[in-house]
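Engineer: Sequence plus the predicted model coming up.
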Amino acid sequence: MSVANDAQWQQFCERTGVEAAPQFATNEDRMANMDMLTQAIESKFADMIAKEVEACLEGTDVAASAVMGIMESLTDPHLLEWEMVIEVNDPKIGPMDDVTVLGLEKCIKISP
């Protein structure tokens, strides 16, 4: 998640139920009270999975997305459709999955 400005903070609070407390009113306030802010946000999201948080913020200007692990990346339908995951046959190890970054040089190798 990334709240880049005060307008996004208001959207974030409205959607998530995190209190728009005075100590978090501006970005400067949020930075000065980061420990308190982190605790407030973590307590709201403690029982949620990443997809629920994403859904909660969908349609706002707040950037929010789960970070995929390697195994999730290897099975993601979009990455597969874009042919960003291919199988290669290593002469010593045998078949293995290989992930490319935006069609560039292969960069992550996972042996089966």
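Structural biologist: Yes, it's here.

Engineer: Please parse this structure into its domains.
Structural biologist: Domain assignment for the chain by automatic domain parsing gives 6-57, 70-110.

Engineer: And Met71, which helix or strand is it part of?
Structural biologist: Take DSSP states H and E as the rule and Met71 turns out to sit in helix 70-75.

Engineer: I'd like the mean pLDDT over that helix, please.
Structural biologist: Averaging pLDDT along helix 70-75 gives 80.

Engineer: who does that helix touch, helix- and strand-wise?
Structural biologist: strand 94-100, strand 106-110 (3 or more C-beta pairs under 8 Å, 6 or more residues apart in numbering; DSSP states H and E). Using the backbone N, CA and C atoms, a C-beta is placed for each residue, glycine as well.

Engineer: got the CA coordinates for that helix in CSV?
Structural biologist: Output of helix 70-75 as CSV, limited to C-alpha atoms (Å, rounded to 0.1, in the frame of the first residue of the first chain):
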residue,chain,number,x,y,z
ILE,A,70,7.9,-17.0,-6.8
MET,A,71,5.5,-20.0,-6.8
GLU,A,72,2.5,-17.6,-7.3
SER,A,73,4.3,-15.9,-10.1
LEU,A,74,4.9,-19.2,-11.9
THR,A,75,1.2,-20.0,-11.9
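
Engineer: roughly how far is it from the heart of the chain?
Structural biologist: Centre-to-centre, helix 70-75 and its host chain are 14 Å apart (C-alpha atoms, centre = their mean, to the nearest Å).
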